[in-house]
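Participant: A predicted structure for the sequence below; I have some questions about it.
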Amino acid sequence: MEIHIGDRVADVTLVNKEGNRVELTIDGKPCVVDIVMAENGSCSILHDGNSYNAELIRGEGGKSYDVNMFYRSYHVDVVDTQAKYLRMKKHADERQSDKIVAPMPGKVVSIPVQPGDELKAGDIAIVLEAMKMQSNYKVSSDCRVKNILVTEGEAVQDNQTLIELELIQEA
């Protein structure tokens with residue numbers, strides 16, 4: 001998931017959680033913290049032998065927080081897989097690009113098209129699985145499959161081009 005802290009965007013992945021001990025990666029770097037949450041929204045965090053206290057004020061929808069620590073305050077937005085997918089889908093619905101790219105790391109489950117196939121708006125071009133959730137990626141306008149750059153079962157990276165398309169202009 002993405003964590004937005006002011007202007008900074010961090011890629012955060014939960015690796016393991018046992019009790020209060022949380023293992024995660026932040027921008028690919030491993031991090032281990034011990035977190036104890038109190039009912040009033042405050043928490044105690046131990047990291048590398050240092051102790052931090054924070055107050056979390058949850059925003060609407062539960063995906064944003066104001067975090068107060070000592071004399072500093074931060075606004076934090078959590079962009080999970082579902083939010084990222086919906087944002088990508090919204091932009092895809094607005095205007096079809098000449099390619100389909102992976103919005104996040106995942107695995108190709110199915111490619112129901114072949115190079116040369118003509119697709120109508122709403123047709124499924126590829127199915128990906130990420131975070132144990134399958135997502136159908138559809139085209140938003142008429143187009144032709146120009147090139148398929150991945151295979152079923154292949155692991156894909158964030159922003160990797162999966163399929164190249166040729167848009168069909170209406171006469």
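Facilitator: On my side now, so go ahead. Residues are numbered from 1 along each chain as shown.
Participant: from here on, contacts and neighbour counts on C-alpha atoms
Facilitator: Fine.
Participant: Spit out the contact partners of the nearest residue to residue 46 once chain neighbours are set aside.
Facilitator: Computed as C-alpha to C-alpha, 6 or more residues apart in numbering, the closest residue to residue 46 that is not its neighbour in sequence is residue 34, at 5.0 Å. With contact taken as C-alpha atoms under 8 Å, 6 or more residues apart in numbering, residue 34 is in contact with 20, 21, 22, 45, 46, 47.
Participant: Could you pull up the residues touching the fifth one?
Facilitator: Put plainly, it is residue 46. By C-alpha under 8 Å, 6+ apart, residue 46 lies in contact with 33, 34, 35, 52.
Participant: Can you tell me which of the residues you listed are buried?
Facilitator: Among the contacts of residue 46, those classed as buried by 16 or more other C-alpha atoms under 10 Å are 33, 34, 35.
Participant: Just give me the closest of the residues you listed to residue 41.
Facilitator: The closest of the buried ones among the contacts of residue 46 to residue 41 turns out to be residue 35 (C-alpha to C-alpha; 12.3 Å).
Participant: Please, which helix or strand holds the closest one?
Facilitator: strand 29-37 (DSSP states H and E).
Participant: got any ranges where this protein has weak pLDDT?
Facilitator: 61-62, 80-96, 170-171 (pLDDT under 70).
Participant: mind giving me the domain split of it?
Facilitator: 2-79, 81-167 (automatic domain parsing).
Participant: Need the winner for burial among those domains.
Facilitator: Ranked by average neighbour count under the criterion mean count of other C-alpha atoms under 10 Å, those are headed by domain 81-167 at a mean of 17.
Participant: What pairs with the longest strand anywhere in the chain, parallel or antiparallel?
Facilitator: Ordering each strand of the chain by length in residues (DSSP state E) puts strand 8-18 first. Using DSSP bridges, the strands paired with strand 8-18 are strand 2-5 (antiparallel), strand 21-26 (antiparallel).
Participant: My read is that residue 121 contacts residue 144, right?
Facilitator: No. In this structure, residue 121 is not within contact of residue 144 by C-alpha atoms under 8 Å, at 10.9 Å.
Participant: In CSV, list the buried ones among the contacts of residue 46 along with distance to residue 103.
Facilitator: Shown next, in CSV, are the buried ones among the contacts of residue 46 (distance: C-alpha to C-alpha, whole Å):
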residue, distance to residue 103
33, 28
34, 31
35, 30
